[in-house]
Structures are given as structure tokens and as C-alpha cells.
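In: predicted model, plus sequence, below.
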Amino acid sequence: METSITTIPDAVLVEIFAIFSLRSIARFKLVCKSWKSVIESSDFRRVFVSLHQNSSSSWSVMLPTDYHHTIKEVISFHGCKTWNLPKSLASYIMPPNLPNTEYFYVASSNGLVWIDVTESTTCSYKSFVGNPVLQQWVEIPPPPCPCVATGLVTRVEEDGVVSSFKVVRTFQKFEAGDRGMYIRRVYVYSSETGLWTFKRLLNSRPVNHPAVNINGKLYLWERRVSSSEHGVIVAHDFYGPEADDHCQVIHLPAVPSGYKDVKSCLTTSRGDVIYIVRIGQKLKIWRMNNNSENGWWLLSREINMLNVMYFWFCIPMAMNPLDNDIVYLWSQKHHCLVTGNLRTQEFILHQESEKWTSSEGCCCINTCNFKGYIKATNHDKSLLILSQFVLPQWMDSVPRPPN
């Protein structure tokens with residue numbers, strides 16, 4: 001008896017696979033080599049991204065690691081059509097087959113996450129960069145000397161593929177340089193070489209951690225304690241020329257004199273760096289202007305807080321990474337999260353732990369750990385920076401070093 005095998009054309013497979021979520025597609029790649037080849041093709045990537053371009057993606061707003069040595073989400077969104085994850089992103093972040101260890105989130109960029117893992121008996125640590133949903137991890141060797149975690153940056157090609165990443169660590173001691181500058185010594189690990197390189201960066205003053213990252217750049221806050229100004233942002237492009245040792249100095253928008261209780265945050269949304277500040281009774285949202293010839297900041301929104309009764313004495317926390325109409329604030333009066341729609345100027349008070357589901361996915365709020373954090377950091381002229389972990393609209397294998 002003859003058995004005939006019907007081969008489905010690749011073009012048909014592309015149309016079929018594209019309607020599924022990335023979580024399902026990751027399993028399809030394991031079925032056979034031909035399916036894997038179709039899914040990893042540029043044609044399939046283009047069709048999938050086009051089909052899902054209006055769909056949300058999974059994301060979380062995380063607490064900085066210098067306060068919690070465990071992974072803590074303040075706000076999380078999952079269950080969207082693009083990825084269809086049944087749990088929040090923090091649920092997938094775990095070390096690869098390492099028992100008896102403690103691990104914590106350090107930074108993320110374009111769907112990759114950096115975690116540090118500590119062995120409980122020897123107190124030694126290991127670092128990994130990977131995609132927690134796909135459970136693909138690359139172990140990062142120790143730097144040449146002890147230094148603090150600074151940030152993670154990625155290179156994204158024109159087709160949306162993450163082609164490489166860099167891990168940045170900073171030596172804690174600053175050195176005085178020429179013309180009143182400080183020398184910041186950093187070590188940079190690149191997935192393209194699998195090696196650490198040493199780099200000297202020039203700053204006008206020491207910088208604070210954590211960092212905001214976008215488009216291969218790290219943005220750190222430099223607070224000028226002796227000045228009435230709110231400080232500056234120091235930026236460096238780690239995918240720029242290797243010989244470039246200077247940092248961009250970006251002054252934050254000026255605060256009118258006479259205001260002492262100023263609260264602000266630095267965040268990102270839809271590919272832009274966003275600065276949100278509460279000055280007295282007003283909330284102002286500034287978007288970083290890439291064309292510095294016309295000034296570094298563009299004022300995009302301004303809201304009178306008197307229009308919302310419980311909006312008094314709120315601290316800006318972050319902005320929705322995929323929707324620049326949605327802002328998150330912390331109510332000092334009610335000790336809870338406030339979600340604000342800047343377009344409609346509608347604001348909602350949330351409970352400490354809250355969860356709701358919509359047609360786009362599931363959103364979870366858990367601010368029990370944030371109360372202690374905001375109490376420890378709530379002082380005049382402090383700039384709040386919470387880390388955003390956002391999955392992209394497309395799934396890439398983690399870039400691996402040559403060795």
C-alpha cells in the first residue's frame with residue numbers, strides 16, 4: 001500500500017501560524033525542522049508583526065534591586081493576544097536549573113532580562129541574561145574587578161530583531177579628572193565578543209542608580225545637592241563610537257523658584273524618555289526631544305491637580321510603557337496607587353492588591369512592597385526611577401557570544 005504525504009506550502013503555514021500567540025509558536029518550532037525554518041524566516045516575522053501590530057504586549061513595572069533582593073512587580077499586564085501568557089512576567093523569571101539559590105531582577109531591555117543569582121551556602125553569585133518566557137539564558141562571566149550593576153542595553157536591527165546585548169557595571173570609586181570632571185570607570189560585557197572591556201566616562205558629578213535604558217543608551221540621574229536645580233540626566237550611547245568617552249548632559253526642565261515639595265520620576269513610553277513632575281498643584285509631563293537644537297524637552301501635557309480631589313500630594317511613579325495617555329501615581333494621602341488617563345483626565349484609586357480582566361488582557365496591581373520603598377526614598381528633589389520590563393511584539397532567540 002502506498003502512503004502519500006501531503007506537504008503544506010510554506011506560504012500557507014505562514015498564514016496559519018501567524019494567528020497564534022508567540023507562546024504557542026515557540027512550541028511549534030520544536031515539532032520539526034521545516035516548521036522551525038518557516039517560523040524563523042523574515043517573511044513569517046513580517047506577517048506576524050503586521051497582524052499583531054495593534055495588539056498589546058506583556059509588561060511589568062518592577063521595584064529597583066537595591067531595595068528588594070527578590071523580584072517584585074508593582075504593576076503587571078499579561079494574557080494579551082501577542083504572547084498569551086497565563087501569568088505575569090515575574091512568574092517566569094527564574095535561574096536555569098540552579099537549586100538552593102536566591103535570585104533577583106537587575107535590568108531589562110527589549111524583552112531580555114538580567115538577573116543575579118546568589119548561592120545560599122557560599123554567597124557567591126552568577127549573572128544571567130535571557131528571555132524568561134522562552135527559558136533561554138546566557139551566563140555572564142564575572143567582571144575583572146568588583147563593581148555595581150548599572151544597566152542592560154540592546155542593539156535592535158531595522159527588522160526588529162535584537163542582534164546583541166551589553167551588560168554594564170560601574171566601579172564604585174570615582175576619580176577626579178581635568179577641568180572639574182569625574183572619571184567613571186565602567187566594564188562592558190558584549191554578547192558579540194563574549195568579553196569584558198574597560199571604558200572611562202567623563203561626568204561632571206557622580207551619578208545615581210538605577211538607570212533608564214532605551215535605544216542602546218543608559219540615562220542616569222545626577223543630583224546636584226548644593227544647587228536649587230533638580231539635577232541633570234547623564235546619557236551615554238554604548239553602541240556609539242568606542243573612542244567616545246563623553247556623556248551627554250541633559251538638564252531637567254527648570255522648576256519655578258519657591259516650590260520645595262517637588263516630586264518627579266523618569267520613565268519611558270512608546271520609545272520615548274518621559275519626565276513627569278508634580279510642582280505644587282500641577283502635574284507636567286515632558287517628552288525628551290531627540291533634536292537637542294530646540295531644547296532637550298517638549299512639554300506634552302499639563303494638568304491642574306485641583307480638578308481631582310484625591311489627586312493632591314501624589315508622587316509620579318511611571319507611565320504605561322505602551323500607552324502615553326496612562327500615568328501611574330502614588331497617593332500620599334491614601335497610600336495607594338492612582339491610575340490616570342491624561343486624555344480624559346479620569347483618575348482611579350486602587351486597592352493594595354487588585355486584578356481585573358479586559359478584552360486586551362489581565363492587569364494586576366500589588367503595592368504592598370512599594371509602601372516601604374516610597375517611605376525610604378520619599379525626600380525633597382528625589383527622582384523616582386522604576387524599571388520597566390516589556391516583551392516585544394516579536395520573539396527572538398537570545399544573542400549568544402562566539403564561545
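Out: Yep, it's here.
In: tell me how far residue 112 lies from residue 198.
Out: Distance, residue 112 to residue 198, using C-beta to C-beta, to the nearest Å: 23 Å. (C-beta placed from N, C-alpha, C; glycine too.)
In: quick one, which of those two is more surrounded?
Out: Shown here are residue 112 and residue 198; by other C-beta atoms under 10 Å, residue 112 has more neighbours (25 against 12).
In: what bridges to the more buried one?
Out: For residue 112, the beta-bridge assignment (DSSP bridges) gives partners residue 109.
In: likewise for the one 5 residues further on?
Out: Per DSSP bridges, residues listed as beta-bridge partners of residue 117: residue 103, residue 126.
In: direction included, what does the strand or helix carrying residue 183 pair against?
Out: Secondary structure assignment for residue 183, by DSSP states H and E: strand 182-190. Strands that pair with strand 182-190, judged by DSSP bridges, come out as strand 162-170 (antiparallel), strand 175-176 (antiparallel), strand 195-203 (antiparallel).
In: list the contacts of the closest residue to residue 289 other than its chain neighbours.
Out: Once flanking residues are discounted, residue 289 sits nearest to residue 298: 5.0 Å by C-beta to C-beta, 6 or more residues apart in numbering. Applying C-beta atoms under 8 Å, 6 or more residues apart in numbering, one finds that residue 298 lies in contact with 286-289.
In: determine the longest helix present in the protein.
Out: Within the chain, and with DSSP state H defining each element, the longest helix by residue count is helix 42-51.
In: now do the buried residues in that helix.
Out: 44-45, 47-49 (16 or more other C-beta atoms under 10 Å).
In: the next helix or strand after it pairs with which strands?
Out: Using DSSP H and E, the helix or strand that follows helix 42-51 in sequence is strand 59-62. Applying DSSP bridges, strand 59-62 is found paired with strand 73-78 (antiparallel), strand 387-390 (antiparallel).
In: need the contact partners of strand 59-62.
Out: In this structure, residues lying in contact with strand 59-62 by C-beta under 8 Å, 6+ apart are 71-77, 88-90, 105, 108, 317-318, 321-322, 328, 386-391.
In: at 10 Å instead, please
Out: By C-beta atoms under 10 Å, 6 or more residues apart in numbering, the list of residues contacting strand 59-62 from outside reads 68, 71-78, 80, 88-91, 93, 104-108, 113, 210, 267, 317-322, 328, 364-365, 370, 386-391.
In: likewise for stretch 41-49?
Out: The set of residues that contact stretch 41-49 without belonging to it, under C-beta under 10 Å, 6+ apart, is 10-11, 13-15, 17-20, 22, 25, 37-39, 82, 159-161, 392-396.
In: can I get the buried part of those as one PyMOL selection?
Out: Here is the PyMOL command that selects only those of these that count as buried (16+ other C-beta under 10 Å):
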select buried, resi 13+14+17+18+22+25+38+39+82+161+392+393+394+395+396
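In: ok so, going back, pull the longest helix of the chain out as CSV, backbone CA atoms only.
Out: Extracted in CSV, the C-alpha atoms of helix 42-51 (Å, rounded to 0.1, in the frame of the first residue of the first chain):
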residue,chain,number,x,y,z
SER,A,42,11.8,37.0,7.7
ASP,A,43,8.6,36.5,5.8
PHE,A,44,6.8,35.0,8.8
ARG,A,45,8.2,37.7,11.1
ARG,A,46,6.8,40.4,8.8
VAL,A,47,3.4,38.8,8.6
PHE,A,48,3.1,38.2,12.3
VAL,A,49,4.1,41.7,13.3
SER,A,50,1.8,43.2,10.7
LEU,A,51,-1.1,41.1,12.0
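In: related to what we said a few turns ago, looking at the strands paired with strand 182-190, which is closest to residue 246?
Out: Between residue 246 and those, the shortest gap by C-beta to C-beta is with strand 195-203, which sits at 5.5 Å.
In: ok, now which ones touch residue 51?
Out: Residues counted as contacts of residue 51 (C-beta under 10 Å, 6+ apart) are 15, 18-19, 81-82.
In: and what of residue 119?
Out: Residues near residue 119 by C-beta under 10 Å, 6+ apart: 98-102, 125-126.
In: any weak-confidence spans in the stretch 151-300 of the chain?
Out: Residues of the stretch 151-300 of the chain that meet the criterion pLDDT under 70 lie in 172-180, 223-230, 291-294.
In: what are the ranges of the helices in it?
Out: For the stretch 151-300 of the chain, no helices turn up when DSSP state H, counting those that start in this stretch is the criterion.
In: nearest spatial neighbour of residue 39, skipping sequence neighbours?
Out: Across the structure, with C-beta to C-beta, 6+ apart as the measure, the residue nearest residue 39 apart from its sequence neighbours is residue 29 (5.2 Å).
In: what's the answer for residue 333, then?
Out: In this structure, residue 333 finds its nearest non-sequential neighbour in residue 313, 5.6 Å apart by C-beta to C-beta, 6+ apart.
In: and the one you found, what is it in contact with?
Out: Residues in contact with residue 313, defined by C-beta under 10 Å, 6+ apart, are 261, 263, 278, 305, 329-334.
In: same check, this time on residue 134
Out: 22-23, 26, 29, 92, 111, 395-398.
In: top of the residues you listed by number of neighbours, please.
Out: Neighbours here are counted as other C-beta under 10 Å. On that basis the top member of those is residue 111, with 26 neighbours.
In: picking that back up, for the contacts of residue 51, point out the one with the lowest pLDDT.
Out: Least confident entry in those, by pLDDT: residue 81, with 89.
In: what about it, distance to residue 23?
Out: Summarising the geometry, the distance separating residue 81 from residue 23, computed by C-beta to C-beta, is 11 Å.
In: residue 100 now?
Out: Distance, residue 100 to residue 23, by C-beta to C-beta: 29 Å.
In: ditto for residue 329
Out: Distance of residue 329 to residue 23, given as C-beta to C-beta: 32 Å.
In: what of residue 261?
Out: From residue 261 across to residue 23, the span is 45 Å (C-beta to C-beta).
In: so where's the stretch 1-150 of the chain uncertain?
Out: Of all residues in the stretch 1-150 of the chain, those with pLDDT under 70 make up the ranges 1-6, 66-69, 120-123.
In: which stretches of it form helices?
Out: Taking DSSP H, counting those that start in this stretch as the criterion, the stretch 1-150 of the chain carries its helices at 10-17, 22-28, 33-39, 42-51.
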